[in-house]
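Student: sharing a model that was predicted from the sequence below.
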Amino acid sequence: MRAGRAPRPGRRSRLGGDQRSAGWRAGGSKARYGPLVNQQILEIDPASRQRLTERFGHTVEGWFTQLPAILVTLVDRWHLTLGEQIPHGSVSIVYRCKLADGRPAVLKVSPDRARIAEETAALRAWRTVHVPRVIRSDEAFGALLIEAVEHGVPLDQVPGGASVENVAELVSALHLGTPSPSFPQVVQRVEALFRSSEAMYRRDPGLTVVISKDTYVRGRALADRLARLEHRDVLLHGDLTPGNILIGEEERGLVAIDPTPCIGDAAFDVVDLVLWRANSIATVERRSERLAVVMNVDESVIFSWCVAFAGMNALELATRDDVPAGQIDTLVALAARA
């Protein structure tokens with residue numbers, strides 16, 4: 001996290017000119033904003049604030065202090081009408097907004113400027129309707145403005161999910177993107193995921209009853225081996241969970257959002273989709289087999305990736321109250337094969 005220090009009131013800063021001229025005043029008990037920015041809108045959703053604090057640490061409070069001025073500057077510069085916050089994600093604060101011509105859009109602002117820069121580069125590398133179009137970006141502010149996906153409903157909110165054919169169409173389109181040498185390798189993504197997920201044990205030591213530390217370590221070692229195998233390198237979404245897939249209008253199909261791009265084995269991108277709501281190992285095997293055929297990849301590699309990440313997924317589900325026990329039991333049995 002590379003958030004800068006909050007600038008002093010009335011001084012020129014990298015936020016773009018004098019902050020008072022942008023409609024923001026730091027002094028006093030109440031801030032005043034420009035006509036296109038409602039003060040109530042700028043009040044951050046507490047759950048979103050908590051998620052970003054857990055991810056970046058308490059130093060992110062300095063960035064939260066800067067955020068109103070950043071938003072006002074972007075609204076003025078890009079001629080936006082800022083709408084409600086979308087309480088989603090742990091990396092960015094996200095808002096619905098409208099462009100000057102009335103078209104709906106989504107504005108993302110993050111203290112992790114490098115992450116936003118990589119997301120922007122990946123979205124521009126994909127020439128497909130299966131990702132949102134980039135409208136504007138500002139790497140210095142960690143800001144990204146993208147089109148809103150009309151009538152887009154997150155896949156994880158749809159009882160029936162999506163067909164294997166639709167998933168394969170989405171993944172195949174993503175993997176046709178041109179990978180930039182600046183994107184990290186999948187082995188780095190794997191390392192980051194396992195390192196981050198270890199925090200679940202610190203927050204709740206009782207999770208060792210679900211997945212032992214030894215099982216978790218074996219899964220991590222398997223994932224590392226898979227990431228280092230020779231394979232056809234493609235541009236990966238890197239975080240293709242059901243929550244990061246929208247069901248768009250019929251002619252558009254599935255739309256992937258919030259990528260964490262990296263380069264590596266195509267099978268890595270379908271792990272969360274194969275494991276999602278699986279209530280038996282046979283279900284995981286059947287999904288792996290069907291996706292392998294349409295993606296032209298090795299079925300055993302998809303299944304092995306699922307084994308590697310089953311423990312991590314089991315830990316995440318065990319912290320929730322709305323998950324059938326059978327799904328956790330399936331992941332625990334799968335993780336034991338690592």
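Tutor: Okay, I see it.
Student: the chain: strands as residue ranges?
Tutor: Ranges of strands within the chain are 12-13, 17-18, 81-86, 93-98, 104-109, 134-138, 143-147, 153-154, 234-236, 245-247, 254-256, 262-264, based on DSSP state E.
Student: which stretch among these comes nearest Arg55?
Tutor: Proximity to Arg55 (CB to CB) singles out strand 93-98 among these, at 12.2 Å. Bear in mind the C-beta positions are built from the backbone N, C-alpha and C, glycine included.
Student: quick one: which of the strands of the chain is nearest Ala122?
Tutor: Ranking these by proximity to Ala122 (CB to CB) places strand 234-236 first, at 6.8 Å.
Student: got the strands of the chain as a markdown table, with mean neighbour count columns?
Tutor: Supplementary listing: the strands of the chain in a markdown table, determined by neighbours: other CB atoms under 10 Å:
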| stretch | mean neighbour count |
| --- | --- |
| strand 12-13 | 14 |
| strand 17-18 | 12 |
| strand 81-86 | 17 |
| strand 93-98 | 21 |
| strand 104-109 | 21 |
| strand 134-138 | 18 |
| strand 143-147 | 21 |
| strand 153-154 | 14 |
| strand 234-236 | 24 |
| strand 245-247 | 23 |
| strand 254-256 | 22 |
| strand 262-264 | 24 |
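Student: can I get these in JSON lines including distance to Leu315?
Tutor: Conversion of the strands of the chain to JSON lines gives the following (distance: least, CB to CB, whole Å):
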{"stretch": "strand 12-13", "distance to Leu315": "42"}
{"stretch": "strand 17-18", "distance to Leu315": "47"}
{"stretch": "strand 81-86", "distance to Leu315": "26"}
{"stretch": "strand 93-98", "distance to Leu315": "26"}
{"stretch": "strand 104-109", "distance to Leu315": "27"}
{"stretch": "strand 134-138", "distance to Leu315": "34"}
{"stretch": "strand 143-147", "distance to Leu315": "30"}
{"stretch": "strand 153-154", "distance to Leu315": "22"}
{"stretch": "strand 234-236", "distance to Leu315": "23"}
{"stretch": "strand 245-247", "distance to Leu315": "22"}
{"stretch": "strand 254-256", "distance to Leu315": "24"}
{"stretch": "strand 262-264", "distance to Leu315": "22"}
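Student: quick one: closest of those strands to Glu54.
Tutor: Comparing the strands of the chain by CB to CB, strand 93-98 comes nearest, at 14.4 Å.
Student: mind checking how far the closest one is from the chain centre?
Tutor: Going by CA atoms, centre = their mean, to the nearest Å, the spacing between the C-alpha centre of strand 93-98 and its chain's C-alpha centre is 16 Å.
Student: now that strand: mean pLDDT?
Tutor: Averaged over strand 93-98, pLDDT sits at 96.
Student: who touches that strand?
Tutor: The contact list for strand 93-98, computed with CB atoms under 8 Å, 6 or more residues apart in numbering, reads 41, 44, 48, 52, 67, 71, 75, 80-86, 88, 104-110, 145, 148.
Student: now the spatially most central residue of the chain: closest residue in space, sequence neighbours ignored.
Tutor: When CA atoms, centre = their mean is applied to the chain, the residue found nearest the centroid is Asp258 (4.0 Å). In space, and not counting its chain neighbours, Asp258 is closest to Asn244: 4.7 Å by CB to CB, 6 or more residues apart in numbering.
Student: the one you found is in contact with Val255, isn't it?
Tutor: No. In this structure Asn244 lies outside contact range of Val255 using CB atoms under 8 Å: 9.7 Å.
Student: what residue ranges in the protein score low on pLDDT?
Tutor: Scanning the chain for pLDDT under 70 picks out the ranges 1-38.
Student: let's go with 90 and repeat that
Tutor: Judged by pLDDT under 90, the chain has its weakly predicted residues at 1-43, 45, 87-89, 150-152, 158-161, 179-181, 230-232, 248-251, 321-322.
Student: domains in it, by residue range?
Tutor: Split into domains by automatic domain parsing, the chain comes to 12-147, 153-335.
Student: ok, Pro242 touching Gly161?
Tutor: Yes. If you go by CB under 8 Å, Pro242 and Gly161 touch, sitting 7.4 Å apart.
Student: overlap in contacts, these two.
Tutor: With contacts defined as CB under 8 Å, 6+ apart, the residues shared by Pro242 and Gly161 are 155, 276.
Student: what's in contact with stretch 264-274?
Tutor: 167, 171, 174-175, 185-187, 189, 226-227, 229, 231-234, 236-238, 240-242, 284, 287-288, 291, 295, 297-298, 301-302, 305-306, 308-309, 313.
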